[in-house]
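1. Quick one, fold the following:
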Amino acid sequence: MPLLPVFLDLLSKASHALGFETIDRFPPNHAYARTHWDRAYFDIASDLKPEAIERALCASIANTPSVFAHIANPTPAMQRTLLGVIDTRLRRSPGAPPLDLVALLIEAYRSPYTIEARPGLRAAIEATRERDMRERIHATLAFLGAMPAAFDVIDLN
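-> Presented below is the predicted three-dimensional model:
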């Protein structure tokens with residue numbers, strides 16, 4: 001029996017367990033197992049628990065919202081983080097809505113596996129499917145702005 005493949009397999013398992021490798025998805029059988037991200041944009045150690053993984057990804061989105069584009073099937077918490085950034089930018093400069101960030105949210109909902117962050121958000125986005133992106137963005141902003149404040153979403157007033 002050749003020892004090199006056995007040694008490399010053990011080395012790989014040890015490296016993964018010690019967090020020396022980066023991962024690009026949640027563990028199998030996790031609630032968000034379909035969520036994955038580009039390792040080039042996120043340095044997530046392999047030894048982190050799923051809750052810590054999600055917190056790290058949300059922190060990355062909060063610091064650099066454009067990285068949201070490199071996540072497939074973002075979790076509701078990741079979407080809420082992006083919504084928070086959109087809300088902050090709207091409050092700081094109401095005349096210049098963050099159209100690029102809303103477009104990222106709309107693109108995330110192209111996948112049927114993206115779990116809805118707010119009730120009715122998917123339906124609102126899909127209702128504008130035939131429109132051009134600018135109209136879709138404004139319709140999505142209107143939907144988010146019309147939600148009750150209790151949902152902690154965008155307030156356009």
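2. Going by C-alpha atoms from here, please, whenever you check contacts or count neighbours.
-> Will do.
3. check which helix or strand covers the residue positioned nearest the centre of the chain.
-> Centroid-nearest residue in the chain: Pro74, 3.4 Å away (criterion: CA atoms, centre = their mean). Applying DSSP states H and E as the criterion places Pro74 outside every helix and strand.
4. How about it: what's its closest non-neighbour residue?
-> Of all residues not flanking Pro74 in the chain, Thr35 sits nearest, at 5.8 Å (CA to CA, 6 or more residues apart in numbering).
5. The one you found and Ala77 touch, don't they?
-> No - at 11.9 Å, Thr35 does not count as touching Ala77 under the criterion of CA atoms under 8 Å.
6. The residue nearest to the centre of the chain against Thr114, yeah?
-> Yes - between Pro74 and Thr114 a contact is recorded at 6.2 Å, counting by CA under 8 Å.
7. Mind listing the shared neighbours of these two?
-> Taking CA atoms under 8 Å, 6 or more residues apart in numbering as the contact rule, Pro74 and Thr114 both touch Ala108.
8. remind me which residues of this protein are low pLDDT?
-> Under the criterion pLDDT under 70, the flagged ranges of the chain are 1, 7-9, 11-13, 15-20, 148-157.
9. who does the longest helix seen in the chain touch, helix- and strand-wise?
-> The longest helix of the chain (DSSP state H) is helix 76-92. Judged by 3 or more CA pairs under 8 Å, 6 or more residues apart in numbering; DSSP states H and E, helix 76-92 is in contact with helix 50-63, helix 99-108.
10. Quick one: work out the angle between the last one and helix 76-92.
-> On the basis of axes from the mean of the first three to the mean of the last three CA atoms, to 10 degrees, helix 99-108 is oriented at 160 degrees to helix 76-92.
11. try the longest one
-> Counting by the same axes, to 10 degrees, helix 50-63 points 20 degrees away from the direction of helix 76-92.
12. Helix 50-63: what's the following helix or strand?
-> For helix 50-63, the following helix or strand on the C-terminal side (DSSP H and E) is strand 71-72.
13. Right, I'll leave it there.
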